[in-house]
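**Student:** got a structure for you, letters missing:
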């Protein structure tokens, strides 16, 4: 199936949600659920995800060749994109609480099976299950977040920025935790079990704290209306393109940088964990201030453009890094690349959610759907590059792919 045919077949079943009938008078039970719970859920989600994200490609090499591993990343991301199609019908049937718990349990099961099985078929099946269900959980969290924010969009950038900052703190800790577990046990299996154990807390929190959550009314929307609406709103269309490129960058960083460091350059996991932790520190340092600046001073456009410029240069820079490069040099390059990513991530999130509300869950669904679609494209392009070019050359290609982000950014209507 061609990319266009796949995208069309996916969107014709796209669904969205309708807000509560009286959004100005939210249910008092919902009001008592503080927004701090979103910070906790988001932090647990990203910590357990990134605890294993950077080892997945290397771990699966014991079962498959690198090019085949890359192909399975493509398949898993495609499964996740298709799963988004059925998201709202399942929401209508089970509600966000039950659906979140069901998906989280599948996530936990896949991690346990992936870490403990030595059978290639079970491991690959668990790997595909994890790649399918894991991205959907972020959409579940988004539903909670949008319900709690309601129509109060004035501090959206600040709340989204703080959420991303806390997630970034978890992102910083996750590679350090991964490296520590591997150093103590000398077995990647325990990393997967630790991630599963961490996510049990997520499930228990939803089960006991969100009992009073009231679901909006969900309705199906024809794909033509959703697609036309997304593309007719110029700013939404352009910020979605920008967000898509960012998600491609994340896909390459997660799959290919650890694989390059471990298999091509011979770094051990302790060194890799240290390099990734320094890189993640950029999110902790920059994302919350960027959210505040975007709300109060400059707006998103200038910061987003600067972020894409940094991404293009730093991604290409990685291609020049060889086995002779020191760990400190790798830390510097990876940190700079994440400064660019922090600028783009915060500004695309803030800009998009400033241009949407609880009434726009169809657009929110499209926005989150960009992650698995970008993963499909990113893993597919990366797999082709691994086959055709030397490993290091693919980072020059990634830098080139970031350049269009500058043009999409300049076509946005500045918020300041």
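**Tutor:** Here it is on my side, so go on. These numbers come from a predicted model, not from an experiment. Residues are numbered from 1 along each chain as shown.
**Student:** mind listing what's buried in the helix or strand encompassing residue 91?
**Tutor:** In the assignment (DSSP states H and E), residue 91 maps to helix 87-116. Of all the residues in helix 87-116, those buried under the rule 16 or more other Cβ atoms under 10 Å are 87-88, 90-92, 96-97, 99-101, 103-104, 106-108, 110-115. The C-beta positions use only the backbone N, C-alpha and C, and glycine is treated the same way.
**Student:** now do the helices in the stretch 1-150 of the chain.
**Tutor:** 3-11, 28-32, 36-59, 66-85, 87-116, 120-133, 136-149 (DSSP state H, counting those that start in this stretch).
**Student:** one step back: tell me what the helix holding residue 91 is packed against?
**Tutor:** The helices and strands touching helix 87-116, judged by 3 or more Cβ pairs under 8 Å, 6 or more residues apart in numbering; DSSP states H and E, are strand 15-18, helix 36-59, helix 120-133, helix 136-149, helix 189-209, strand 217-220.
**Student:** ok, which of these comes nearest residue 321?
**Tutor:** When those are compared by Cβ to Cβ, helix 36-59 sits nearest residue 321, at 17.0 Å.
**Student:** tell me the angle that closest one makes with helix 120-133.
**Tutor:** Put simply, helix 36-59 runs at 150 degrees to helix 120-133, going by axes from the mean of the first three to the mean of the last three Cα atoms, to 10 degrees.
**Student:** give me the angle between helix 36-59 and helix 136-149.
**Tutor:** 170 degrees.
**Student:** so which elements touch helix 36-59?
**Tutor:** helix 66-85, helix 87-116, helix 136-149, helix 156-185, helix 189-209, helix 234-259, helix 269-296.
**Student:** hmm, try it at 10 Å
**Tutor:** Counting contacts by 3 or more Cβ pairs under 10 Å, 6 or more residues apart in numbering; DSSP states H and E, helix 36-59 is packed against helix 66-85, helix 87-116, helix 120-133, helix 136-149, helix 156-185, helix 189-209, helix 234-259, helix 269-296.
**Student:** mind telling me what element the most centrally placed residue in the chain is part of?
**Tutor:** The residue lying closest to the centre of the chain (Cα atoms, centre = their mean) is residue 371, at 6.1 Å. Using DSSP H and E, residue 371 sits within helix 361-388.
**Student:** how far off centre is that helix?
**Tutor:** Computed by Cα atoms, centre = their mean, to the nearest Å, the chain-centroid distance of helix 361-388 equals 11 Å.
**Student:** list the buried residues of it.
**Tutor:** Within helix 361-388, the residues scored as buried using 16+ other Cβ under 10 Å are 361-383, 385-386.
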